[in-house]
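Enquirer: What follows is a predicted structure for the sequence shown.
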Amino acid sequence: MNLEEAKEEIRDLWTALEHSVQLQSHYAGLLNQYDGGKRISFPDAMAWVDRLIDLKTLPNRRRKK
């Protein structure tokens with residue numbers, strides 16, 4: 001796989017993650033309405049990634065600004 005193919009693959013994976021987070025947030029909201037739970041929903045994939053970094057599930061590889 002060359003660099004351009006890898007970039008396309010990453011874009012596709014990010015798009016899939018965005019859709020997955022949208023579904024998770026939708027169902028979290030529905031279940032919270034149903035049973036009064038306090039499930040977390042995320043506005044976008046980056047918020048989900050930030051949460052995983054906070055939980056130390058993913059390493060923080062972001063460059064400091």
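Expert: Nice, thanks for sending it over.
Enquirer: quick one: pLDDT of the residue nearest the centre of the chain?
Expert: What sits nearest the mean C-alpha location of the chain, by CA atoms, centre = their mean, is Ala45, with 3.1 Å. Per-residue pLDDT puts Ala45 at 95.
Enquirer: ditto for Arg63
Expert: Reported pLDDT for Arg63: 57.
Enquirer: swap in Arg39?
Expert: Arg39 is given a pLDDT of 95.
Enquirer: which residues touch it?
Expert: Arg39 makes contact with 28-29, 31-32, according to CB atoms under 8 Å, 6 or more residues apart in numbering. The C-beta positions use only the backbone N, C-alpha and C, and glycine is treated the same way.
Enquirer: among those residues, who's most crowded?
Expert: Neighbour counts for those, by other CB atoms under 10 Å, peak at Ala28, which reaches 16 neighbours.
Enquirer: Which parts of the protein are helices?
Expert: 3-35, 45-54 (DSSP state H).
Enquirer: now, of the ones you listed, which is deepest in the fold?
Expert: helix 45-54 (a mean of 15; mean count of other CB atoms under 10 Å).
Enquirer: quick one: low-confidence ranges for this structure?
Expert: Low-confidence segments of the chain (pLDDT under 70): 63-65.
Enquirer: make it 80
Expert: Applying pLDDT under 80 to the chain flags the ranges 62-65.
Enquirer: Out of the helices of the chain, which is closest to Arg62?
Expert: helix 45-54 (8.0 Å; CB to CB).
Enquirer: and the angle for the closest one with helix 3-35?
Expert: In terms of direction (axes from the mean of the first three to the mean of the last three CA atoms, to 10 degrees), helix 45-54 departs from helix 3-35 by 80 degrees.
Enquirer: Just checking the distance from helix 45-54 to the centre of its chain.
Expert: Relative to its parent chain, helix 45-54 has a centroid offset of 6 Å by CA atoms, centre = their mean, to the nearest Å.
Enquirer: cool, and stretch 16-32?
Expert: That offset, for stretch 16-32, works out to 10 Å (CA atoms, centre = their mean).
Enquirer: pull the CA atoms of that stretch into CSV?
Expert: C-alpha atoms of stretch 16-32 as CSV (Å, rounded to 0.1, in the frame of the first residue of the first chain):
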residue,chain,number,x,y,z
ALA,A,16,-16.9,4.7,9.6
LEU,A,17,-15.9,5.8,13.1
GLU,A,18,-18.0,9.0,12.7
HIS,A,19,-21.1,6.9,11.7
SER,A,20,-20.5,4.5,14.6
VAL,A,21,-20.3,7.3,17.1
GLN,A,22,-23.5,8.8,15.7
LEU,A,23,-25.3,5.5,16.2
GLN,A,24,-23.9,5.0,19.7
SER,A,25,-25.0,8.5,20.7
HIS,A,26,-28.5,8.0,19.3
TYR,A,27,-29.0,4.7,21.2
ALA,A,28,-27.5,6.1,24.4
GLY,A,29,-30.1,8.9,24.2
LEU,A,30,-32.9,6.5,23.5
LEU,A,31,-31.9,4.2,26.4
ASN,A,32,-31.5,7.1,28.8
